[in-house]
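[1] Pasting the sequence and the predicted coordinates here, then a few questions.
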Amino acid sequence: MSKAAPCVARPRRTWLGYALVTVVLWGIWGALSGLSAQRGFPETLVYCVWALTMVPPALFILWRSGWKLERSPRAVAFGLLIGLLGAGGQMVLFHALTVGPAYFIFPIISLSPVVTIALSFTLMRERTGWMGGLGIALALLALPMLDLSFGHQGGQGVGWFVLALIIMLAWGVQAYFMKLANHTVSAESIFFYMTVGALVLVPVAWAMTDWSQPINTGWDGPWLAAAIQVLNAIGALTLVYAFRHGKAMVVAPMTNAGAPLVTAVLALMFAGVMPGPLKLVGLALALFASLLLALEPEPAQDASLPAP
């Protein structure tokens, strides 16, 4: 009698669910994020509100985990580093936009997944099949198109270019460490210390605020900002879980390319904003790239082996 073949289980695509939630939340957030500044609530104070909106999700997932917060130096260092890289990049962006053209700065920043992919490929030995490889390539091609616009105001020297590169590196390295930390630290602890890192820089954002200008403190000021920024905060939380279960070289380009696609669809549906030809090409590439990354076959796991 022949020996039965071992049962092979199809891997669960847990990462995809979390990544899609991030894409949707960040896409809605992107469509609404400009409302606060338009109503007289400056971006630096929006950052302060965003950091505070990180607190409820951080406490909620800690409660769900039985308040199991890792206190090892590794956990604290990873979480704070991830939080400070993200928040620090935002601080640099505030300054970069005062000395350089936004229509060049944002396309450069959008290439941060290139850094993540390079690091995960060389240091974590991540690999993907031809569908994933093509999806990554198309996503990287689409990203600058989604943010590129044309203007006539020049920047002051080339300092803004260096600042844009610093932001790109910071956010690309942040995503890499988010994946690396998930190998040894719980997602709940990572997000908690990320929140602490974001809160640490609140005084910096507060000090960068131009208090000589009138500031809207009504319901459509800080309270509207909070309602919008909680989407950003929860999206950051689901991103941590997406990196926990998925490959960094797939999650990073998919979420970065997918969110602007949702934003563009919402802008077209509710505001009648039609993207220009270049952005339409970028959106089409982003959609195709996201489909390829989502459909990339994952290697089957032997069900007879213990779960990692």
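    That came in fine, so what should we check first? Residues are numbered from 1 along each chain as shown.
[2] residues touching the spatially closest residue to D220 that is not a sequence neighbour, list them.
    Excluding its sequence neighbours, the residue lying closest to D220 (C-beta to C-beta, 6 or more residues apart in numbering) is R39, at 4.8 Å. Every C-beta, even on glycine, is put in place using the N, C-alpha and C of the backbone. Contacts for R39 (C-beta atoms under 8 Å, 6 or more residues apart in numbering) come out as 216, 220-221, 224.
[3] change it to 10 Å
    By C-beta atoms under 10 Å, 6 or more residues apart in numbering, the contact set of R39 is 216, 218-221, 224-225.
[4] Just the buried ones among these, please.
    Buried members of the contacts of R39, counted by 16 or more other C-beta atoms under 10 Å: 216, 220-221, 224-225.
[5] Kindly state the pLDDT recorded for the residue nearest to D220?
    At R39, the model reports a pLDDT of 92.
[6] which phi and psi does it have?
    Dihedral pair for R39: phi -100, psi 20, per degrees, to the nearest 10.
[7] So which of the contacts of R39 is the closest to M249?
    A225 (33.3 Å; C-beta to C-beta).
[8] Which helix or strand contains the closest one?
    Per DSSP states H and E: A225 is located in helix 224-245.
[9] same thing with H183?
    If you go by DSSP H and E, H183 is not part of any helix or strand.
[10] can you pull the contacts of it?
    Neighbouring residues of H183 by C-beta under 10 Å, 6+ apart: 78, 124, 244.
[11] Before we move on, what's the pLDDT of the spatially closest residue to the first one that is not a sequence neighbour?
    Going back to what we said before, that points to F78. Closest residue to F78 apart from its sequence neighbours, by C-beta to C-beta, 6+ apart: A181 at 3.8 Å. Note for A181: predicted pLDDT of 96.
[12] In contact with A181, which residues are there?
    By C-beta under 10 Å, 6+ apart, the residues touching A181 are 74-75, 77-79, 81-82, 187, 189-190, 193-194, 240, 243-244.
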